[in-house]
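> this is a predicted model, with the sequence first.
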Amino acid sequence: MIKKLFNSSKKEKQIENLEDVHNDVAEVDEDEGKGFQLFKRLKEGLSKTKLGITDKVDTLLKSYQKIDEDLFEDLEEILISSDIGVQTTLDIIEDLKYSVRDNKITDPEEIRELLKDKLTVILSQQSENKLLTEPTPAIILVVGVNGVGKTTSIGKIAHKLKREGKSVLLAAGDTFRAAAIDQLKIWGDRVGVDVISHQEGSDPAAVIYDGIQSARARKVDVLICDTAGRLHNKKNLMNELNKVFKVVEREYGNATKEILLVLDATTGQNAIQQAKTFKEVADISGLVLTKLDGTAKGGIVIAINKELNIPVKLIGVGEKVEDLQDFEASTFIKALFGEN
């Protein structure tokens, strides 16, 4: 009885928090988006990362009169501390040394442009950074551990696709987390999208099945499915996701498929470990990196691209629905380096 009351209280508290944090969604003016300065929002969202990486790099380069090993060691420390990762940083430093030598560069401040080019190349290695929603019908399965912003991201993706003129339906397949279903329903109400759901604790695969049947009957363009996050262990997670994937293949085999993994940028290298775990149980086709505005270690974007070979498709740089943006390498680097 006590446990039941505790879970009920916890569930109500989560819904209350959702109401407080995302009130802005209900107030979005559809016309406002036409003049919304996405790049400005991106720069603002990456301001902490800029302080943690490029501002430190600029200060470092201005403090040196010549290019030597000490400079590269200090630069290496900055990059590693920003969560770019040890191996990725070592590769970048090695490339910079070659470029400096081959181009006979002597001015330390010229390294800034070289670094910018190296990071752009790393982030541009993935050719497919757009959501796979064509041809329709399409289904997007969203996975990720609790707390990374999975359900919130689904709501924002639904809003984004609706504004692109697509019809969208949501399926609340994360049936094991307290308040997950209610959270998705709140998002559905706010962005004007229906939600297919069962009771808490029901079979996720059954929810996805009903979602698919409803999507087919309504001729919906995109069905977005919330799925179970990390359960008690990897085996349980694998079993639940495999059941969902089998239902999708059997019932919606003709649909364009996207499996998105949501990661929290503030968790740094732990996000990469999560991604490696999910890669073992699912054919992840894209990443959503949330909460970049909340960390000075946004170098994790670079590490993820380099180490995982999975394209980052969306990045979250704030609480508003417009702050979940398409990831584009050159635009990201421009914002990171404070350019207009």
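Looks like it arrived, so ask away.
> and the strand or helix carrying Glu113, what does it pack against?
For Glu113, the host element (DSSP states H and E) is helix 111-123. In terms of contacts (3 or more CB pairs under 8 Å, 6 or more residues apart in numbering; DSSP states H and E), helix 111-123 is packed against helix 54-62, helix 69-81, helix 86-102, helix 300-308, helix 329-336. Where you see a C-beta, it was placed from the backbone N, CA and C, and this is true even at glycine.
> which of those helices is buried the deepest?
helix 300-308 (a mean of 23; mean count of other CB atoms under 10 Å).
> got the contact list for that helix?
83-85, 87-88, 91, 119, 122-123, 125-126, 263, 265, 268-269, 271-272, 275-276, 279, 287, 289, 292, 310-312, 315, 327, 332 (CB atoms under 8 Å, 6 or more residues apart in numbering).
> kindly report the same for stretch 48-59.
Counting by CB under 8 Å, 6+ apart, residues outside stretch 48-59 touching it are 43, 75, 78-79, 81-82, 112, 115, 292-299, 335-338.
> give me the buried subset of these.
Neighbour-count burial (16 or more other CB atoms under 10 Å) applied to the contacts of stretch 48-59 gives 43, 75, 78-79, 82, 112, 115, 292-299, 335-337.
> thinking again about what came up before, Glu164: which of the helices and strands packed on helix 111-123 is closest?
Nearest of those to Glu164, taken as CB to CB: helix 329-336 at 18.4 Å.
> and the closest one, what does it pack onto?
With 3+ CB pairs under 8 Å, 6+ apart as the test, helix 329-336 has helix 38-45, helix 47-52, helix 111-123 packed against it.
> just how off-centre is that helix within its chain?
Averaging C-alpha positions (CA atoms, centre = their mean, to the nearest Å) puts helix 329-336 16 Å from its chain's average.
> what's the distance between Gly201 and Arg177?
Per CB to CB, to the nearest Å, Gly201 is found 10 Å from Arg177.
> these two: which is more packed in?
Ranked by neighbour count (other CB atoms under 10 Å), Gly201 and Arg177 place Arg177 first, with 21 against 8.
> which residues of the stretch 201-340 of the chain score low on pLDDT?
Low-confidence segments of the stretch 201-340 of the chain, defined by pLDDT under 70: 229-234.
> can you map out the helices along it?
204-218, 234-251, 269-281, 300-308, 329-336 (DSSP state H, counting those that start in this stretch).
> using PDB, list the CA coordinates for the last one.
Just to be clear, that refers to helix 329-336. Only the C-alpha atoms of helix 329-336 are listed here, as PDB (Å, rounded to 0.1, in the frame of the first residue of the first chain):
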ATOM      1  CA  ALA A 329      27.800  20.200 -39.400                       C
ATOM      2  CA  SER A 330      28.900  23.600 -40.800                       C
ATOM      3  CA  THR A 331      26.100  25.500 -39.000                       C
ATOM      4  CA  PHE A 332      27.100  23.800 -35.700                       C
ATOM      5  CA  ILE A 333      30.700  24.800 -36.200                       C
ATOM      6  CA  LYS A 334      29.900  28.300 -37.100                       C
ATOM      7  CA  ALA A 335      27.800  28.700 -33.900                       C
ATOM      8  CA  LEU A 336      30.500  27.000 -31.900                       C
END
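> ok so, going back, dump the helices and strands packed on helix 111-123 to TSV, plus distance to Lys48.
Below are those laid out as TSV (distance: least, CB to CB, whole Å):
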stretch	distance to Lys48
helix 54-62	10
helix 69-81	13
helix 86-102	19
helix 300-308	12
helix 329-336	11
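> where does the stretch 51-200 of the chain have low pLDDT?
Using pLDDT under 70, the stretch 51-200 of the chain drops low at 127.
> at 90 what do you get?
51-52, 85, 123-130, 145-147, 175-180, 200 (pLDDT under 90).
> ok, Glu251 - contacts?
Per CB under 8 Å, 6+ apart, neighbours of Glu251: 209, 212-213.
> do that again at 7 Å, thanks
209, 212 (CB atoms under 7 Å, 6 or more residues apart in numbering).
> gap between it and Arg216?
Glu251 is 8 Å from Arg216, by CB to CB.
> what's the answer for Lys48, then?
44 Å.
> with Leu314 instead?
26 Å.
> settle it for me: which of those two has more neighbours?
The neighbour count for Leu314 versus Arg216, taken as other CB under 10 Å, is higher for Leu314 (22 against 15).
> Glu322 is in contact with that one, correct?
No: Leu314 is beyond contact range of Glu322, at 12.0 Å (criterion: CB atoms under 7 Å).
> quick one: buried residues of stretch 243-256?
Under 16+ other CB under 10 Å, the buried positions of stretch 243-256 are 243-245, 247-248, 251-252, 255-256.
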